[in-house]
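# just coords:
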């Protein structure tokens, strides 16, 4: 396969994933795995799981991080540009079309009634997976104060999530340093 | 406001969202809401909720969807032509992606050293539960008088919450609650 074709293939694989996954990043992971591990054999399953763990621990949309990682592993930095563009473009095109239309119909009373029903549903959809996500993030009785403090400080005290993230990183590394010092003595 | 100033402000906001948006998806919502609703007022809180709803029914991650949508509306609401709005979408989408591109390039270069790095594990031990708190705050921030207008809102909320816990399809739930809105709020 010629070099241009390889870049194009990378772009197309992620374009397809970007175009057909509804519901955001987490929904994309099984599709990416299917394409990259099972169909294309670009990575083996262990590599994929390791990569996923890293992509999820870094800032930014998880689907983008995963796409960038696969592109980079396959064809270097330029490869990541193609896989990244592939995953971004479908939603860019769709949302742009919606924005062009929706901004014009927003004041329409029928649309307003529909969205009056949808808005509380959106909040429920955000809240529903919390328990399951909490379990898989390793939340237990000993550390449940962390999500509680975070939720209250962002919600009621209007503290920026940026500071919350920085504080979490400092606390995690600080605690590690403290334990390390203690075990040395 | 000058157009270039607006583009710059949009770029910086979405760059920040990309850089500090740990946990992806819903965990990024409080940060996006703070930047685009509270700090800059580019869209209202109910518009923001509508974007989340649109995100749940269209392909792609929420961060991109909101970048594209907000980039367009912020520019056109200021009275600039649609073409400048499209450029605004592109600016926001690029801005939210650049931190990921830089970070993942570095990660790929040092992958094997990062894999079992104990400093990273230590940060994650607090970051992971913190991200759960961020998702909870995303829900709490949207539980306001704009999105919950009366008792009917709470009925829809309760029904969708139960159905979602029973693993009902989110797109179907959004469509059904739209129908419920039409029925419960007569013209």
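Noted; the coordinates are in hand. For clarity, every value in this text was computed on a predicted model and none was experimentally measured.
# any part of the one helix or strand residue B:56 maps to near chain A?
For residue B:56, the host element (DSSP states H and E) is helix B:45-57. Yes. Helix B:45-57 comes into contact with chain A (Cβ under 8 Å from any Cβ of the partner chain), by way of B:46-47, B:49-50, B:52-57. Placement of C-beta: from N, CA and C, glycine included.
# may I ask which two of these are separated the most?
Farthest pair in the residues of helix B:45-57 next to chain A (Cβ to Cβ) is B:46 and B:57. Separation: 16.8 Å.
# looking at the two, which has the bigger crowd around it?
Comparing residue B:46 with residue B:57 by other Cβ atoms under 10 Å in any protein chain shown, the one with more neighbours is residue B:46, at 20 against 17.
# and the lowest-mean-pLDDT helix or strand in chain B, what does it pack against?
Across the helices and strands of chain B, mean confidence by mean pLDDT, DSSP states H and E is lowest for helix B:111-115: a mean of 71. Counting contacts by 3 or more Cβ pairs under 8 Å, 6 or more residues apart in numbering or on different chains; DSSP states H and E, helix B:111-115 is packed against helix A:45-57.
# what's the helix it packs on in contact with?
A:29, A:33, A:36-37, A:43, A:62, A:65-66, A:69-70, A:73, B:22-24, B:104, B:107, B:111, B:114-115, B:120, B:124, B:127 (Cβ atoms under 8 Å, 6 or more residues apart in numbering or on different chains).
# in whichever strand or helix holds residue B:5, what counts as buried?
Element membership for residue B:5 (DSSP H and E) is helix B:3-20. Using 16 or more other Cβ atoms under 10 Å in any protein chain shown as the test for burial, helix B:3-20 gives B:6-7, B:9-11, B:13-20.
# what's around residue 56, how many residues?
Since no chain was named, I'll use chain A. As a burial measure, residue A:56 scores 19 neighbours (other Cβ under 10 Å).
# that was the other one, I meant chain B.
Applying other Cβ under 10 Å, I find that residue B:56 has 21 neighbouring residues.
# hang on, isn't it packed against residue B:171?
Yes. If you go by Cβ atoms under 8 Å, residue B:56 and residue B:171 touch, sitting 7.0 Å apart.
# quick one: contacts for residue 6?
No chain in the question, so chain A it is. A:74-75.
# looking at chain B here, not the other one
Contacts of residue B:6 by Cβ under 8 Å, 6+ apart are B:74-75, B:78, B:88.
# need the max-distance pair from these.
B:78 and B:88 (9.5 Å).
# shaky segments in chain B?
Scanning chain B for pLDDT under 70 picks out the ranges B:1, B:112.
# confidence score at the closest residue to residue B:64 other than its chain neighbours?
Distances taken as Cβ to Cβ, 6 or more residues apart in numbering or on different chains put residue A:91 closest to residue B:64, at 4.8 Å, once the chain neighbours are dropped. Reading off the confidence values, residue A:91 has pLDDT 90.
# again with residue A:22
69.
# ok, and the closest non-adjacent residue to residue 111?
Since you didn't name a chain, this refers to chain A. Residue A:111 sits nearest to residue A:105 (Cβ to Cβ, 6+ apart), 5.2 Å away.
# wait, chain B was what I had in mind.
residue A:54 (7.1 Å).
# just give me the residue closest to the centre of chain A.
Centroid-nearest residue in chain A: residue A:62, 2.8 Å away (criterion: Cα atoms, centre = their mean).
# pretty sure it sits against residue B:61.
Yes. Between residue A:62 and residue B:61 a contact is recorded at 7.4 Å, counting by Cβ under 8 Å.
# where is the longest helix in the chain?
Picking chain A for this. Looking across chain A with DSSP state H, the single longest helix is helix A:62-105.
# look at chain B instead
helix B:82-109.
# which positions within it qualify as buried?
B:84-101, B:103-104, B:107-108.
# ok, stretch B:27-47 next?
For stretch B:27-47, by 16+ other Cβ under 10 Å, it's B:27-37, B:42-43, B:45-47.
# so how far is it off the chain centroid?
8 Å (Cα atoms, centre = their mean, to the nearest Å).
# please apply the same query to stretch B:94-102.
Centre-to-centre, stretch B:94-102 and its host chain are 16 Å apart (Cα atoms, centre = their mean).
# hmm, who's touching it?
So stretch B:94-102 is contacted by A:58-61, A:64-65, A:68, A:80-81, A:84, A:88, B:10-15, B:17-19, B:21, B:63-64, B:67 (Cβ under 8 Å, 6+ apart).
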